[in-house]
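Trainee: this one's structure only:
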């Protein structure tokens, strides 16, 4: 089971990293508020696409190793392992994104959010209060360790949901006693 976890987790993490790197390279020249919203859609879609490796990993283990039968618990455990490996790989990528590939990305994101607050249509008092609160919190987002952890946990939690769905779909009961009649 460990080998399947590592292989399918690495495949999922590699696909996820490649999709994020590709979208970063394609869209960072015109980074704007509109592009940020599109980027979020692309990002979550990329996570779902990459994490389909959970389904294929559990199915391959069930069919090739266990003879076509797997319990819900074992399928879920396998899916969680694949999710964990993919999440760790992606967390490492995000750290390098914010420290080496695009060290100015946090600043750009903070400016986009600040601009959204300013153009929200609220009263000046509300905008001033929201900007003040945001500025206090935004210092945390300049921390590449925090960014990496947040993205690692995001991928892992989406993987948990996909693991639950996969385990439910692929479980096949293992008979306690085989019928020889």
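Mentor: Sure thing, it's come through. As the structure is a computational prediction, the values presented were derived from the model and not from experiment. Residues are numbered from 1 along each chain as shown.

Trainee: Spatially nearest residue to residue 98 (excluding sequence neighbours)?
Mentor: Counting by C-beta to C-beta, 6 or more residues apart in numbering, residue 98 lies nearest to residue 144, which is 3.9 Å off, once chain neighbours are set aside. Where C-beta positions appear, they are placed from N, C-alpha and C, glycine not excepted.

Trainee: what about residue 140, how many neighbours?
Mentor: Residues lying near residue 140 (other C-beta atoms under 10 Å) number 11.

Trainee: who touches it in this structure?
Mentor: Residues in contact with residue 140 (C-beta atoms under 8 Å, 6 or more residues apart in numbering) are residue 146.

Trainee: and the residue nearest the centre of the chain, helix, strand or coil?
Mentor: Centroid check for the chain by C-alpha atoms, centre = their mean gives residue 155 as the closest residue, at 2.4 Å. Under DSSP: H, G, I helix; E, B strand; the rest coil, the three-state class of residue 155 is helix.

Trainee: pLDDT value on it, please?
Mentor: Predicted confidence (pLDDT) for residue 155: 96.

Trainee: What spatial separation is found between it and residue 118?
Mentor: Note on residue 155: its distance to residue 118, by C-beta to C-beta, to the nearest Å, is 32 Å.

Trainee: Likewise for residue 21?
Mentor: 31 Å.

Trainee: give me the low-pLDDT residue ranges for this protein?
Mentor: Within the chain, the ranges that satisfy pLDDT under 70 run 28-34, 36, 174-181.

Trainee: Please, where are all the helices along it?
Mentor: Ranges of helices in the chain, per DSSP state H, are 2-27, 33-50, 53-60, 72-96, 105-118, 124-138, 144-170.

Trainee: can you redo the ones you listed as TSV with distance to residue 66?
Mentor: Shown next, in TSV, are those (distance: least, C-beta to C-beta, whole Å):
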stretch	distance to residue 66
helix 2-27	11
helix 33-50	25
helix 53-60	10
helix 72-96	8
helix 105-118	44
helix 124-138	48
helix 144-170	11
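
Trainee: ok, now how distant is the residue lying closest to the residue nearest to the centre of the chain once chain neighbours are set aside from residue 74?
Mentor: Excluding the flanking residues, the one nearest residue 155 by C-beta to C-beta, 6+ apart is residue 87, at 4.2 Å. As judged by C-beta to C-beta, residue 87 and residue 74 stand 20 Å apart.

Trainee: Comparing those two, which residue is more hemmed in?
Mentor: Ranked by neighbour count (other C-beta under 10 Å), residue 87 and residue 74 place residue 87 first, with 26 against 18.
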